[in-house]
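K.L.:
I would like to see how this sequence folds:
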Amino acid sequence: MLKDDLCKQIISQNKNMLIPWWIMAAYAYDQQDDPIISDDLFDKIAVDIDKNWDIITHHHKERLDRSLLKSSLAINGNWPSNVAGSIAQLKKSSEEVKEPAKPELNTLPI
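P.N.:
Residues are numbered from 1 along each chain as shown. This next block holds a predicted model:
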(Lines give C-alpha, C1' and ligand atoms only; values in the text may rest on other atoms or scores of the structure.)
Protein backbone atom coordinates (compact mmCIF):
# COMPACT_ATOMS: atom_id res chain seq x y z
CA MET A 1 0.00 0.00 0.00
CA LEU A 2 1.47 3.34 -1.06
CA LYS A 3 1.78 6.08 1.55
CA ASP A 4 1.43 9.10 -0.74
CA ASP A 5 -1.21 10.90 1.33
CA LEU A 6 0.70 10.48 4.59
CA CYS A 7 3.94 11.58 2.95
CA LYS A 8 2.34 14.68 1.44
CA GLN A 9 0.77 15.65 4.75
CA ILE A 10 4.03 15.36 6.66
CA ILE A 11 6.26 17.16 4.16
CA SER A 12 3.72 19.94 3.71
CA GLN A 13 4.15 20.77 7.40
CA ASN A 14 7.92 20.38 7.56
CA LYS A 15 10.22 20.71 4.53
CA ASN A 16 13.04 19.00 6.44
CA MET A 17 11.02 15.77 6.22
CA LEU A 18 11.61 15.73 2.45
CA ILE A 19 15.01 14.13 3.13
CA PRO A 20 13.91 11.09 5.17
CA TRP A 21 10.95 10.48 2.87
CA TRP A 22 13.24 10.59 -0.17
CA ILE A 23 15.68 8.19 1.54
CA MET A 24 12.97 5.75 2.65
CA ALA A 25 11.28 5.83 -0.76
CA ALA A 26 14.53 5.26 -2.64
CA TYR A 27 15.53 2.40 -0.33
CA ALA A 28 12.11 0.73 -0.43
CA TYR A 29 12.10 0.90 -4.24
CA ASP A 30 15.72 -0.07 -4.95
CA GLN A 31 16.70 -2.32 -2.08
CA GLN A 32 13.38 -3.92 -1.11
CA ASP A 33 11.54 -3.83 -4.45
CA ASP A 34 8.48 -2.65 -2.50
CA PRO A 35 7.76 1.07 -3.10
CA ILE A 36 6.18 3.11 -0.31
CA ILE A 37 5.21 6.08 -2.52
CA SER A 38 4.37 6.54 -6.20
CA ASP A 39 7.00 7.35 -8.80
CA ASP A 40 5.30 10.69 -9.42
CA LEU A 41 5.55 11.67 -5.77
CA PHE A 42 9.19 10.55 -5.62
CA ASP A 43 9.94 12.85 -8.57
CA LYS A 44 8.07 15.72 -6.89
CA ILE A 45 10.04 15.21 -3.68
CA ALA A 46 13.28 15.33 -5.68
CA VAL A 47 12.22 18.65 -7.26
CA ASP A 48 11.14 20.03 -3.87
CA ILE A 49 14.44 19.04 -2.24
CA ASP A 50 16.36 20.80 -5.00
CA LYS A 51 14.14 23.88 -4.78
CA ASN A 52 14.47 24.04 -0.97
CA TRP A 53 18.05 22.78 -0.72
CA ASP A 54 19.39 25.90 1.00
CA ILE A 55 16.73 25.94 3.71
CA ILE A 56 16.52 22.21 4.46
CA THR A 57 18.37 21.29 7.63
CA HIS A 58 18.30 17.55 8.05
CA HIS A 59 21.26 15.52 9.31
CA HIS A 60 21.08 13.12 6.32
CA LYS A 61 21.07 15.86 3.69
CA GLU A 62 24.84 15.59 3.22
CA ARG A 63 24.39 11.96 2.09
CA LEU A 64 22.65 13.13 -1.09
CA ASP A 65 24.19 14.29 -4.34
CA ARG A 66 21.89 17.13 -5.31
CA SER A 67 22.53 16.66 -9.04
CA LEU A 68 21.21 13.08 -8.95
CA LEU A 69 18.07 13.50 -6.84
CA LYS A 70 15.73 12.01 -9.46
CA SER A 71 17.38 8.62 -8.97
CA SER A 72 18.47 6.57 -5.99
CA LEU A 73 22.04 7.09 -7.21
CA ALA A 74 21.94 10.38 -5.32
CA ILE A 75 22.71 8.51 -2.12
CA ASN A 76 25.50 6.43 -3.68
CA GLY A 77 24.73 3.44 -1.45
CA ASN A 78 25.32 5.53 1.68
CA TRP A 79 22.06 4.42 3.36
CA PRO A 80 21.46 5.35 7.00
CA SER A 81 21.67 2.26 9.19
CA ASN A 82 18.10 2.69 10.43
CA VAL A 83 16.36 3.11 7.06
CA ALA A 84 15.03 -0.46 6.81
CA GLY A 85 13.69 -0.28 10.36
CA SER A 86 12.01 3.05 9.66
CA ILE A 87 10.27 1.60 6.61
CA ALA A 88 9.16 -1.45 8.59
CA GLN A 89 7.79 0.81 11.33
CA LEU A 90 5.92 2.90 8.75
CA LYS A 91 4.37 -0.19 7.17
CA LYS A 92 3.48 -1.77 10.52
CA SER A 93 1.88 1.37 11.92
CA SER A 94 -0.25 1.68 8.79
CA GLU A 95 -1.40 -1.95 9.06
CA GLU A 96 -2.42 -1.53 12.70
CA VAL A 97 -4.64 1.48 12.03
CA LYS A 98 -8.23 0.34 11.66
CA GLU A 99 -9.81 3.77 11.37
CA PRO A 100 -8.28 6.91 9.87
CA ALA A 101 -6.15 8.66 12.43
CA LYS A 102 -4.06 11.77 12.33
CA PRO A 103 -0.42 10.65 11.93
CA GLU A 104 2.19 11.77 14.38
CA LEU A 105 4.59 14.09 12.61
CA ASN A 106 8.33 13.60 12.83
CA THR A 107 8.00 10.27 14.63
CA LEU A 108 9.95 8.14 12.18
CA PRO A 109 13.42 7.50 13.56
CA ILE A 110 15.23 8.32 10.32
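K.L.:
Can you show me the helices along this structure?
P.N.:
4-13, 18-30, 39-51, 83-96 (DSSP state H).
K.L.:
among those helices, which is nearest K61?
P.N.:
helix 18-30 (5.4 Å; CB to CB). In short, each C-beta sits where N, CA and C put it, glycine included.
K.L.:
Report the buried residues of the closest one.
P.N.:
For helix 18-30, the neighbour count (16 or more other CB atoms under 10 Å) marks 18-29 as buried.
K.L.:
helices and strands of the protein: which one bottoms out on pLDDT?
P.N.:
helix 83-96 (a mean of 87; mean pLDDT, DSSP states H and E).
K.L.:
and that one with helix 4-13, angle?
P.N.:
Interaxial angle of helix 83-96 relative to helix 4-13 (axes from the mean of the first three to the mean of the last three CA atoms, to 10 degrees): 120 degrees.
K.L.:
what about helix 83-96, distance to the chain center?
P.N.:
12 Å (CA atoms, centre = their mean, to the nearest Å).
K.L.:
still on that earlier bit, may I see the helices of the chain organised as JSON lines, with distance to E62 added?
P.N.:
Output for the helices of the chain, formatted as JSON lines (distance: least, CB to CB, whole Å):
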{"stretch": "helix 4-13", "distance to E62": "19"}
{"stretch": "helix 18-30", "distance to E62": "10"}
{"stretch": "helix 39-51", "distance to E62": "13"}
{"stretch": "helix 83-96", "distance to E62": "15"}
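K.L.:
What separation do you get for the most centrally placed residue in the chain and H59?
P.N.:
Geometric centre of the chain, nearest residue: W21, 1.0 Å, by CA atoms, centre = their mean. Going from W21 to H59 by CB to CB, to the nearest Å gives 15 Å.
K.L.:
returning to that earlier point: CSV for the buried residues of helix 18-30, including pLDDT?
P.N.:
Listed next are the buried residues of helix 18-30 as CSV, based on pLDDT from 0 to 100:
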residue, pLDDT
L18, 98
I19, 97
P20, 97
W21, 98
W22, 97
I23, 97
M24, 97
A25, 97
A26, 96
Y27, 96
A28, 96
Y29, 95
